[in-house]
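[1] Structure, please.
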Amino acid sequence: MERHCRITKMNIRYKTIQNGDAEATARLATNGTLKLRNNPRILSENTIRNLCYHFVIESSTLARLCMESGLSHDEAYTISDIYIRKLDRITDTEEIEKLYGQMCMDYAARMGEIRKESAISSHVRKCIDYIYENLGCDLSMKVLADVTGLNPSYLSRLFSKEIGCPIKQFILSAKVDTAQNLLRHSELSYSKIAVSLGFSSQSAFIAVFSRFVHMTPRAYREYYSLRGVKDTNN
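    Down below sits the predicted model:
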């Protein structure tokens, strides 16, 4: 009976995240359902190592389940990789549990976005998927039109109508969102981030990032680095 109860709670947790219900996922984190230590399997006698092993298994499971529900392969494993790298710097059980809850809510939030986008036409969906999977490549209107099989001007009008903003603005926003994740959760240099996201130069990256976020990449990274230190000390 106890085992059945654990399995039921696990299924509820996974379904909540798959369905993109960020609020319900946050409630699960608050009431203690999202706890790695709830898993009775002992993978190591060392408590920290045991939680880390379960964290890695859970990250892989969540990536797979979210891909089954529409999340792209690259994005699913990018989220997983970011959190595993962050896990590598943690040596406290409560911080590991806290990070796990953040990862679950991150996946849930992204799945929620996908659910909202489900009414988008297949051509625009294909265009968006291509953009996210090729942020560092040529994303000109000609390339996107070739990918979707539509006339460039028609694709431009259709995208703006369904998404509510021009393709160029959407691309820049996607690049900035990705840059924010990289600045918070990696130690990549500003020049490498700029190159990986297809900016013509580091200065171009800084200018676009500052326009969208209202602070420079350096200030953004320093702000979240200091906040992380404060959270760890609390």
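
[2] Can you classify S60 by secondary structure?
    Three-state call for S60 (DSSP: H, G, I helix; E, B strand; the rest coil): helix.

[3] Hmm, it is touching I79, no?
    No - the criterion here is C-beta atoms under 8 Å, and S60 misses it with I79 at 11.3 Å. Any C-beta I mention is one placed from the backbone N, CA and C, and that applies to glycine too.

[4] neighbour count winner among those two?
    Neighbours around S60 and I79, counted as other C-beta atoms under 10 Å, are more numerous at I79. The numbers are 21 against 14.

[5] what's that one in contact with, if anything?
    Applying C-beta atoms under 8 Å, 6 or more residues apart in numbering, we find I79 in contact with 63, 103, 106-107, 110.

[6] how does it look with 6 Å?
    With contact taken as C-beta atoms under 6 Å, 6 or more residues apart in numbering, I79 is in contact with D106.

[7] following the one helix or strand it maps to, which helix or strand comes up?
    Per DSSP states H and E, I79 falls inside helix 73-87. In the C-terminal direction, the helix or strand that comes right after helix 73-87 (DSSP H and E) is helix 93-116.

[8] can you give me the angle that following helix makes with helix 73-87?
    160 degrees (axes from the mean of the first three to the mean of the last three C-alpha atoms, to 10 degrees).

[9] now helix 93-116: how far from the chain's centre is it?
    From the chain centre to the centre of helix 93-116 is a distance of 8 Å (C-alpha atoms, centre = their mean, to the nearest Å).

[10] In that helix, which residues are buried?
    For helix 93-116, burial by neighbour count (16 or more other C-beta atoms under 10 Å) applies to 95-101, 103-108, 110-112, 114.

[11] cool, stretch 18-28 as well?
    Buried, per 16+ other C-beta under 10 Å, within stretch 18-28: 18, 20-22, 24-26, 28.

[12] I12: what secondary structure?
    Recorded secondary structure, I12: helix (three-state DSSP).
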